[in-house]
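Student: sequence and predicted structure are below.
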Amino acid sequence: MSSPVAPRIGVAGVVFDEAGRVLLVERGKPPAEGQWTVPGGSLERGESLAEGVCREIAEETGLVVEVGPLVAVIERMAPLPGGESGEDAGSAYHFVILDYLAVVRGGTLAAASDARQARFCSDAELGELPLTEGLRDVIDRARELSRALSSAPSSAASPAPSSAALRRLPAG
């Protein structure tokens, strides 16, 4: 029996343009190869959550962003081939993904890294693309949060988590 894969932390950014379209990338590698999703990937050792979101969006799209509040936490797992199941079964992968709202501050949109394509998509286009599971709900939540923040007084609409705001606890 193979041992389970430890969960990996992933980060992603939900970005809207001035027209309300959402930034999506077509995944060029497994898992979810060929599906469209928000740009993101694995958090690197020693990297804050906000730094990871900024890096992943820049790597996949060429855009520079400011990271805002947390939108959703998503869990993705796939079993190992062979149909193992139960408490002791392993996983081919296990990701816990933190999706943050983000705002473009610079850069030029161009697909790179493991993204085949990168573009801003309208709501109508979302219905025509093969989206990753649960993505539409995340986009809807992010849109509601974005609207709430834009209508709130400026002191309440603070950009979220900077490296300083996400306090690191000492190891051990």
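Tutor: Received the coordinates, thanks.
Student: okay, CA-based contacts and neighbour counts for the rest of this
Tutor: Noted.
Student: residue ranges with poor pLDDT in the protein?
Tutor: For the chain, the stretches with pLDDT under 70 are 1-4, 80-91, 154-172.
Student: strands of that one, start to end?
Tutor: 8-15, 22-27, 36-37, 40-42, 63-79, 91-107, 115-121 (DSSP state E).
Student: which one of those lies nearest to Leu149?
Tutor: Evaluated with C-alpha to C-alpha, the strands of the chain place strand 63-79 nearest to Leu149, the distance being 9.7 Å.
Student: can you list the strands that the closest one pairs with?
Tutor: strand 91-107 (antiparallel) (DSSP bridges).
Student: only C-alpha atoms, please: export the partner strand in PDB.
Tutor: C-alpha atoms of strand 91-107 as PDB (Å, rounded to 0.1, in the frame of the first residue of the first chain):
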ATOM      1  CA  SER A  91      -3.800  10.400  -3.000                       C
ATOM      2  CA  ALA A  92      -2.200  11.300  -6.400                       C
ATOM      3  CA  TYR A  93      -2.500  14.800  -5.200                       C
ATOM      4  CA  HIS A  94      -4.000  16.800  -2.300                       C
ATOM      5  CA  PHE A  95      -4.100  20.600  -2.500                       C
ATOM      6  CA  VAL A  96      -5.600  23.200  -0.100                       C
ATOM      7  CA  ILE A  97      -6.000  26.300  -2.200                       C
ATOM      8  CA  LEU A  98      -6.500  29.800  -0.900                       C
ATOM      9  CA  ASP A  99      -8.200  32.100  -3.400                       C
ATOM     10  CA  TYR A 100      -7.600  35.900  -2.900                       C
ATOM     11  CA  LEU A 101      -9.100  38.900  -4.600                       C
ATOM     12  CA  ALA A 102      -6.400  40.900  -6.400                       C
ATOM     13  CA  VAL A 103      -6.200  44.100  -8.400                       C
ATOM     14  CA  VAL A 104      -3.900  44.700 -11.400                       C
ATOM     15  CA  ARG A 105      -1.300  47.400 -10.800                       C
ATOM     16  CA  GLY A 106       0.900  46.900 -13.800                       C
ATOM     17  CA  GLY A 107       2.500  44.400 -16.300                       C
END
